[in-house]
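Student: I need the structure of the sequence given here:
(chains A and B)
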2 protein chains.
Amino acid sequence: MVKKKNNKKIRIALDAMGGDHAPDEVLKGCLEASKDNGLEIVLVGPESLVKERLENYSPNHNSGISFVNATQVIEMGDKPVTAVKEKRDSSIVVGIDLLDKREVSAFVSAGNTGAIMTAAWLTLGRKRGVNRPALGAVFPFPTGPVLCLDLGANADCKPGTLAQFGQMGHIYMRKIFRIESPRIGLLSSGEEDTKGSQMVQKAHKILKRSKLNFIGNVEGRDIASGKADVIVTDGFTGNVLLKLGEGLGEMLLTSLRKAVAENPALKEAALLLEPTFQSVIGTLDYRQYGGALLFGVNGNVIVAHGRSDAEAIKNAVNTARRAIAQEVVEAIGS
Amino acid sequence: MVKKKNNKKIRIALDAMGGDHAPDEVLKGCLEASKDNGLEIVLVGPESLVKERLENYSPNHNSGISFVNATQVIEMGDKPVTAVKEKRDSSIVVGIDLLDKREVSAFVSAGNTGAIMTAAWLTLGRKRGVNRPALGAVFPFPTGPVLCLDLGANADCKPGTLAQFGQMGHIYMRKIFRIESPRIGLLSSGEEDTKGSQMVQKAHKILKRSKLNFIGNVEGRDIASGKADVIVTDGFTGNVLLKLGEGLGEMLLTSLRKAVAENPALKEAALLLEPTFQSVIGTLDYRQYGGALLFGVNGNVIVAHGRSDAEAIKNAVNTARRAIAQEVVEAIGS
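Tutor: Prediction:
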């Protein structure tokens, strides 16, 4: 049990065992994030191990960190539903329970996405009218912020589910970004209504009949072009796209480093243009945008990238903080 | 009818009416490509219109261009199967017929992808053991060439179809790039076998049982990382990815131009680094890689991007030329 203190600190539960670089990178990120005096981070995981490792990095870690024991770990390759049912003392299940009991205001994990979604869905419950939760993130493209969802919660989607993602995206961009009538685009393999998979063609028809400002199909190139405020897609496509963006950012950086290594005269030019590259690559970098929000469940759940390092974890905690402040959960559905 | 001449020129049919910028950009690209003395381009479309427009650009166009009349046009939004059945005198159907009769060695079109695939499939027939043709292109990433397929021929795929794409990719990279045992990666939303849509999970099992050098699931970030020689995916995901790559390349260029406009001192730096950007962006630019090959049909069919400009058309004709020289069709299946 987390002792309830008489302070006004915001409490965020952090899965100490989630992600490829857990627990070490999670703990380092936690230490960074806990420098914020208004925050208390509740580390969820095998308590003795977590405490011991944390001591390594910061023997006198500050009072902004507390611990909740969870002896099991859901691995990245575990089947979500089975894992959530069988590993009741895992950091994911215990962390979501803390959120359900309102002992924390948000839960952050870089662990198994499917398991986080399943635990959140089963324990916290869904918002009214939502069949499936979706992972969404706002990308700060030069043309303006774009909310993309689903980024990986549902590898298989039904047409009506995609339309609901559009509805959640509409509410979010209206309430959080104050866009009067957010433009909803459906990601497809062509602009024409007849393009796309059978599922997408059916989703198109449902969205067209809806009251949303549905601008029709958008293509991959439109994601960053400013054509839509919300990009709706299934979790499989969304996840692949997200990671392609990262990969291309890395390819650009690698090519630049190689060019400078081969021709040192380019070094100054590369340094001058670095802020510009970073502003482009940063929009695609999970370390910087800090994880995705789970839309449609009764609680603030942030899924950080599986490869998260300390900086990514720190930014995911910041994303959680913003979601709490913006009352995102309250905004979406009732 | 194309008059058969007693020269050794390679004949390539080009759909004059295919693409968003047809016929003008197609004709300009045709004029560029026809400067090659070893080539005869057979323009397929409404003959009087095509000739009249061509005269505008080049009153004395050279002898490397001939004409075949086709009075109908399949539009981008037309339903492929219906369009191919009903518009028998369309440039796509007539062009594929020329290829079927061996009057040309390849057919190039920037028109309706589904219609090109349908016409090719119905008329030319499939290679033995191939259920569905796939659009594939080789991307010259800094880490080496990577063949991605399907890029848009099949928005809906069955698991066995994806496995066949792997097989075709294997043969192509072996014969054309002389890679002994090409590494085949299945695009998914996670590396673990359990990740991905139901369809991808089933395809994974089939590929695992095959004799291919199957390296398992790869993620979006692995496309450009050199992890695999062949990336297998369905045509919906492939198409969206392809266009995201283009969009991000454009975003980078726009940001650089904006940075230079705001701070002219950056101009020199941008010029110095331009070749590096171009080498990165160029790998994602359809204008430069020149269209995708239709794998699995009995004939060289090249599908150029719907937005093709003259340069893209010229490069698509070059892709056709290379496919003829490399005997790609002969290499894949029997």
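
Student: identify the residue nearest A:Asp15 in space, chain neighbours excluded?
Tutor: With sequence-adjacent residues excluded and distances taken as C-beta to C-beta, 6 or more residues apart in numbering or on different chains, A:Asp15 is closest to A:Ser109, at 3.5 Å. Just so you know, the C-beta spots here come from the backbone N, C-alpha and C atoms, and that holds for glycine as well.

Student: how close does the one you found get to B:Arg287?
Tutor: 43 Å (C-beta to C-beta, to the nearest Å).

Student: ok, these two, which is more surrounded?
Tutor: A:Ser109 (33 against 20; other C-beta atoms under 10 Å in any protein chain shown).

Student: touching, the more buried one and A:Ile116? I think so.
Tutor: Yes - with contact defined as C-beta atoms under 8 Å, A:Ser109 counts as touching A:Ile116 (5.3 Å).

Student: what is in contact with these two at once?
Tutor: A:18, A:92, A:301, A:303 (C-beta atoms under 8 Å, 6 or more residues apart in numbering or on different chains).

Student: contact partners for the third one?
Tutor: Residues touching A:Val301, when contacts are defined by C-beta under 8 Å, 6+ apart, comprise A:96, A:99, A:106-107, A:109, A:116, A:120, A:124, A:293-294.

Student: select, from those residues, the two members most distant in space.
Tutor: Maximum pairwise distance in these, criterion C-beta to C-beta, is 14.6 Å, between A:Ile96 and A:Leu293.

Student: just the ones of the contacts of A:Val301 in strands?
Tutor: A:106-107, A:109, A:293-294 (DSSP state E).

Student: most neighbours out of these, which is it?
Tutor: A:Ser109 (33 neighbours).

Student: per-residue pLDDT, it?
Tutor: For A:Ser109, the model assigns a pLDDT of 98.

Student: A:Ser58 now?
Tutor: So A:Ser58 comes in at 85 (pLDDT).

Student: I'd guessed it sits against A:Ser34; true?
Tutor: No - using C-beta under 8 Å, A:Ser58 is not in contact with A:Ser34; the gap is 9.3 Å.

Student: those two: who's more crowded?
Tutor: Ranked by neighbour count (other C-beta under 10 Å), A:Ser58 and A:Ser34 place A:Ser34 first, with 23 against 14.

Student: once you drop chain neighbours, what's closest to that one?
Tutor: A:Gly64 is the one closest to A:Ser34 (C-beta to C-beta, 6+ apart), at 3.8 Å.

Student: which residues sit in contact with the one you found?
Tutor: A:9, A:34-37, A:39-41.

Student: please point out which parts of whichever strand or helix holds A:Glu250 sit buried.
Tutor: For A:Glu250, the host element (DSSP states H and E) is helix A:235-262. Neighbour-count burial for helix A:235-262 flags A:235-252, A:255-256, A:259-260 (criterion: 16 or more other C-beta atoms under 10 Å in any protein chain shown).

Student: coming back round to it: got CSV for the contacts of A:Val301, with distance to B:Gly160 too?
Tutor: Putting the contacts of A:Val301 into CSV (distance: C-beta to C-beta, whole Å) gives the following:
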residue, distance to B:Gly160
A:Ile96, 38
A:Leu99, 43
A:Ala106, 44
A:Phe107, 40
A:Ser109, 36
A:Ile116, 32
A:Ala120, 35
A:Leu124, 39
A:Leu293, 37
A:Leu294, 34
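
Student: show me where chain A has its strands.
Tutor: Ranges of strands within chain A are A:10-15, A:39-45, A:65-69, A:106-109, A:134-141, A:144-149, A:183-187, A:213-218, A:230-232, A:292-295, A:300-303, based on DSSP E.

Student: so stretch A:143-154, near chain B or not?
Tutor: Yes - with C-beta under 8 Å from any C-beta of the partner chain as the criterion, chain B is reached by stretch A:143-154 at A:Gly152.

Student: go through that stretch and flag the buried ones.
Tutor: So, applying 16+ other C-beta under 10 Å, buried residues of stretch A:143-154: A:146-154.

Student: chain center to it: distance?
Tutor: 9 Å (C-alpha atoms, centre = their mean, to the nearest Å).

Student: figure out the length between the terminal residues of it.
Tutor: 28 Å (C-alpha to C-alpha, to the nearest Å).

Student: what mean pLDDT would you report for that stretch?
Tutor: Here the average pLDDT along stretch A:143-154 is 93.

Student: for stretch A:33-43, measure first residue to last.
Tutor: Its first and final residues considered, stretch A:33-43 spans 12 Å by C-alpha to C-alpha.

Student: returning to that earlier point: which ones, among the buried residues of helix A:235-262, also lie beside chain B?
Tutor: Counting by C-beta under 8 Å from any C-beta, A:235-237, A:239-248, A:250-252, A:255-256, A:259 from those sit close to chain B.

Student: and the helix or strand bottoming out on mean pLDDT in chain A, what's buried?
Tutor: Lowest by mean pLDDT, DSSP states H and E among the helices and strands of chain A is helix A:286-289, with a mean of 72. Residues of helix A:286-289 classed as buried: A:286-287, A:289 (neighbour count, 16+ other C-beta under 10 Å).

Student: do the same with stretch A:97-109
Tutor: Under the neighbour-count criterion of 16+ other C-beta under 10 Å, stretch A:97-109 has A:97-100, A:103-109 buried.

Student: just put those residues in CSV and tack on distance to B:Arg53.
Tutor: Supplementary listing: these in CSV, determined by distance: C-beta to C-beta, whole Å:
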residue, distance to B:Arg53
A:Asp97, 70
A:Leu98, 70
A:Leu99, 65
A:Asp100, 68
A:Glu103, 73
A:Val104, 68
A:Ser105, 66
A:Ala106, 62
A:Phe107, 63
A:Val108, 60
A:Ser109, 60
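
Student: for A:Glu47, state which of those is nearest.
Tutor: A:Leu98 (13.9 Å).

Student: just the pLDDT for that closest one.
Tutor: pLDDT, A:Leu98: 98.

Student: ok, A:Gly249 next?
Tutor: What the model reports as pLDDT for A:Gly249 is 86.

Student: which residues touch it?
Tutor: Contacts of A:Gly249 (C-beta under 8 Å, 6+ apart): A:280-281, A:284-285.

Student: could you dump the residues you listed into TSV with distance to B:Asp193, pLDDT and neighbour count added?
Tutor: Output for the contacts of A:Gly249, formatted as TSV (distance: C-beta to C-beta, whole Å; pLDDT from 0 to 100; neighbours: other C-beta atoms under 10 Å in any protein chain shown):
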residue	distance to B:Asp193	pLDDT	neighbour count
A:Val280	34	80	23
A:Ile281	31	80	19
A:Leu284	27	76	24
A:Asp285	28	75	19
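
Student: chain B next: which of those are close?
Tutor: Okay, of the contacts of A:Gly249 touching chain B (C-beta under 8 Å from any C-beta), that's A:280, A:284.

Student: redo the contacts of A:Gly249 as a markdown table? Include distance to A:Arg178.
Tutor: Shown next, in a markdown table, are those (distance: C-beta to C-beta, whole Å):
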| residue | distance to A:Arg178 |
| --- | --- |
| A:Val280 | 26 |
| A:Ile281 | 28 |
| A:Leu284 | 25 |
| A:Asp285 | 26 |
